[in-house]
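>>> Have a look at this prediction, sequence included:
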Amino acid sequence: MKPNGNGMQRPDYAAIAEWVRPGSRVLDLGCGDGTLLRYLWRERNASGYGVEIDEAGVLACVRNGVNVIQSDLESGLSDFENRAFDYVILSQTLQAVRHSERIVREMLRVGREGIVTFPNFGYWKNRFQVALGKMPVSDNLPFQWYDTPNIHLCTITDFEDFCRAQEMRILERKVITNGSAVSFLPNLRGALAVYRFQRA
Amino acid sequence: MDSSITSKTVGVVAPQRAKFSEPVRLKCGAVIDQYELVYETYGRLNADRSNAVLVCHALNAAHHVAGRYADDPGDVGWWDNMIGPGKPVDTDRFFVIGMNNLGGCHGSTGPQSINPRTGKPWGADFPLVTVEDWVATQARLADHLGIKRFAAVMGGSLGAMQALQWTVSYPDRVGHALVIACTPNLSAQNIAFNEVARQAIITDPDFHGGHYYEHGTRPTRGLRVARMVGHITYLSDDVMADKFGRQLKHGRLQYTFEPEFEIESYLGYQGTKFSDYFDANTYLRITKVLDYFDPGFEHGGDLAKALAPARAAYLVISFATDWRFSSERSREIVRALLHNRREVTYADIDAPHGHDAFLLDDARYHGLVAAYFDRIHAETTA
């Protein structure tokens, strides 16, 4: 199951729903228990599928009435055709995939726009813990160094550099801490980053 | 699986029989003037007739899907672990129908039946049927039972092909299709195994060109070999290794052609058991039903095009160790459904048992089917 999936309380879900136009077709990569898709279906009349590798997640999706395809993101999105979706969402999963570049390329192949959310490693509380000589543990990064699925943590600055290198055009950004938007010094004060982007 | 769930059963059941006097034209062109279909039902049809589930059988099974017979309590339905009160397909909620397909040998009209035109058993003259023909005759049984639309049609293997075909043949009559351990068509290897099975039967001297009833014989040797070949393809290499390995019956080599390895006597036992009750003419026909199934064929090989008329939602399930109808083949079905923007959920269950897994009790598999039927139930009661 997706780490940190505490249902509709997740602040990035509301941020994503604000962007998704009503009636859109959505693909949610690493969809966990399908909460986001169910939320988008209810709030935005969105349709589509989740992709999840974990069997408990697949079962939870069925229980949530969400269509899910059990598949490994790391092997690409070959089940899906070009431009089949309005949005392809990667919510708090980017930091846990091995081939980050490939997955983002695939997102923009099968979708018109991509939406990515990730915990900002540059958040001051994370920096503070590192400064104290420890790997950060927090609400957004709830794992110990030895059991974390997160292998590609990054900061807001890192991600925006990555977008430029990958020829992704950022359309919108939201930075959130404790449920509130952060505009001043986001890379320092923001716990969670949410991006909407398309091919440059 | 929780034993409190598996211990529940629909109890004592009895088969029923429906007669059809309106001729059916088969895909091969032949016409059958009148026929009978044997079926069983479990649970109760609700007032608005919206809770019916059709269970389609695979190669060697029939209408006895769940429960047991009063006069033969050992004869438990072939999918009794799946269907019953409190089970994944909950008969407290759903009205479940199992039937023996046309051409079968469990009571429905087939090669053993009397051909009214000749007064003799059909035998070799019984026409070759297809999945489409089966679905068409199943629809007539549905009419007979007053069911306009099934909440779900489900099956494993060849049964899954029928569920898939239902959604194309009768798009408005199926809410959900459960397509388990399926393939969009047989591979050359699949057909090859079937042909070995057929040749074993056809070359048995007791076969008499399919008219063995008149000769008072049965090609049991051929049928036995056919079943042995088939059985190999139902099991995974790992399960065979695990269950039998190279175990010897007598502890040491005998240097004879009698069964020496445990796997040999197991296959022999399975073959003999099967050839005692199954009809060779039916077996031959069912292997051809499998070979012919290929919905994409008439659409230039485009499965998505073939499935375009479908309106159902789908649960597609494959088993990771199934090498007969591999997970990749199920994914072809899923991709076609995604192309068509159908509602589809796909799961690949990591069960060790190979193709046979669809019949076995696996908590992950049954949990998924149960959750999916919860969803169907919520829809039918909404």
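Noted; the coordinates are in hand.
>>> from here on, contacts and neighbour counts on C-alpha atoms
OK.
>>> what's the neighbour count on the residue lying closest to residue B:170 once chain neighbours are set aside?
With C-alpha to C-alpha, 6 or more residues apart in numbering or on different chains as the criterion, residue B:170 has its nearest non-adjacent residue at 7.9 Å, and that residue is residue B:310. Per other C-alpha atoms under 10 Å in any protein chain shown, the neighbour tally for residue B:310 reads 21.
>>> separation between residue B:310 and chain A?
Separation of residue B:310 from chain A (C-alpha to the nearest C-alpha, to the nearest Å) stands at 17 Å.
>>> give me the residue from the stretch 101-250 of chain B nearest chain A.
For the stretch 101-250 of chain B and chain A, the shortest gap (C-alpha to the nearest C-alpha) falls at residue B:176, measuring 12.7 Å.
>>> doesn't that residue fall inside a strand?
Yes. According to DSSP: H, G, I helix; E, B strand; the rest coil, the state of residue B:176 is that of a strand.
>>> bridging residues for it?
residue B:152, residue B:313 (DSSP bridges).
>>> what residues are up against it?
For residue B:176, the contacting residues are B:150-153, B:312-315, B:376, by C-alpha atoms under 8 Å, 6 or more residues apart in numbering or on different chains.
>>> quick revisit: next up, the contacts around the residue nearest to residue B:170.
The contact partners of residue B:310, by C-alpha under 8 Å, 6+ apart, come to B:167-168, B:170-171.
>>> Mind doing that once more with 7 Å?
By C-alpha atoms under 7 Å, 6 or more residues apart in numbering or on different chains, residue B:310 lies in contact with B:167-168, B:171.
>>> Compile those residues into a markdown table and extend it with columns for distance to residue A:174, secondary structure and pLDDT.
As requested, those are exported to a markdown table (distance: C-alpha to C-alpha, whole Å; DSSP: H, G, I helix; E, B strand; the rest coil; pLDDT from 0 to 100):
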| residue | distance to residue A:174 | secondary structure | pLDDT |
| --- | --- | --- | --- |
| B:167 | 44 | helix | 98 |
| B:168 | 45 | helix | 98 |
| B:171 | 44 | helix | 98 |
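>>> who wins for neighbours among the contacts of residue B:176?
Result: residue B:153 is most packed of the contacts of residue B:176 (other C-alpha under 10 Å), 30 neighbours.
>>> pLDDT wise, what is that one at?
According to the prediction, residue B:153 has pLDDT 98.
>>> Hmm, it is touching residue B:52, no?
No. Residue B:153 is beyond contact range of residue B:52, at 8.6 Å (criterion: C-alpha atoms under 7 Å).
>>> mind listing what's buried in stretch B:302-309?
Within stretch B:302-309, the residues that qualify as buried are B:303-308, counting by 16 or more other C-alpha atoms under 10 Å in any protein chain shown.
>>> Next, the distance between the ends of it.
With C-alpha to C-alpha, to the nearest Å as the measure, stretch B:302-309 spans 13 Å from end to end.
>>> Then stretch B:179-190?
Using C-alpha to C-alpha, first and last residues of stretch B:179-190 are 19 Å apart.
>>> can you tell if it touches chain A?
No. Stretch B:179-190 is not in contact with chain A by C-alpha under 7 Å from any C-alpha of the partner chain; minimum separation 14.1 Å.
>>> what does the average pLDDT come to for that stretch?
The model assigns stretch B:179-190 a mean pLDDT of 98.
>>> Chain A: helices as residue ranges?
A:11-19, A:35-44, A:55-63, A:100-110, A:124-131, A:156-165, A:186-189 (DSSP state H).
>>> Tell me which residue lies nearest the centroid of the chain.
All of this refers to chain A. Centrality entry for chain A: nearest residue to the mean C-alpha point is residue A:91, 1.7 Å, by C-alpha atoms, centre = their mean.
>>> not what I meant, chain B
Geometric middle of chain B (C-alpha atoms, centre = their mean) lands on residue B:58, at 1.3 Å.
>>> What's the separation between it and chain A?
If you go by C-alpha to the nearest C-alpha, the gap between residue B:58 and chain A works out to 25 Å.
>>> Give me the pLDDT for that residue.
pLDDT, read off for residue B:58, is 94.
>>> these two touch, right, it and residue B:158?
Yes. Under the criterion of C-alpha under 7 Å, residue B:58 makes contact with residue B:158 at 4.6 Å.
>>> ok so, going back, residues contacting the residue nearest to the centre of chain B?
Residue B:58 neighbours (C-alpha under 7 Å, 6+ apart): B:156-159.
>>> mind checking which helix or strand residue B:179 is in?
strand B:174-180 (DSSP states H and E).
>>> what element comes up after that strand heading to the C-terminus?
helix B:188-202.
>>> Can you point out the buried residues in the next helix or strand after that next one?
Next helix or strand after helix B:188-202 toward the C-terminus (DSSP H and E): helix B:212-215. Within helix B:212-215, the residues scored as buried using 16+ other C-alpha under 10 Å are B:212-213.
>>> what's stretch A:101-112 in contact with?
For stretch A:101-112, using C-alpha under 7 Å, 6+ apart, the contacting residues are A:76-77, A:80-88, A:114, A:198-199.
>>> Only the buried members of those: can you turn that into a ChimeraX selection?
Of the contacts of stretch A:101-112, the buried ones go into a single ChimeraX selection, burial set by 16+ other C-alpha under 10 Å:
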select /A:76,77,80,84,85,86,87,88,114,198,199
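>>> wait, isn't residue A:115 in contact with residue A:89?
Yes. Between residue A:115 and residue A:89 there is a contact under C-alpha under 7 Å: 4.7 Å.
>>> what is the rounded mean pLDDT of the lengthiest helix in chain B?
Across chain B, the longest stretch assigned as helix under DSSP H is helix B:363-381. Averaging pLDDT along helix B:363-381 yields 96.
>>> Tell me who's in contact with residue B:142.
For residue B:142, the contacting residues are residue B:148, by C-alpha under 7 Å, 6+ apart.
>>> Tell me the residues of the stretch 251-382 of chain B that contact chain A?
So far as C-alpha under 7 Å from any C-alpha goes, the stretch 251-382 of chain B lies against chain A at B:335, B:343-348, B:368, B:371-372, B:375.
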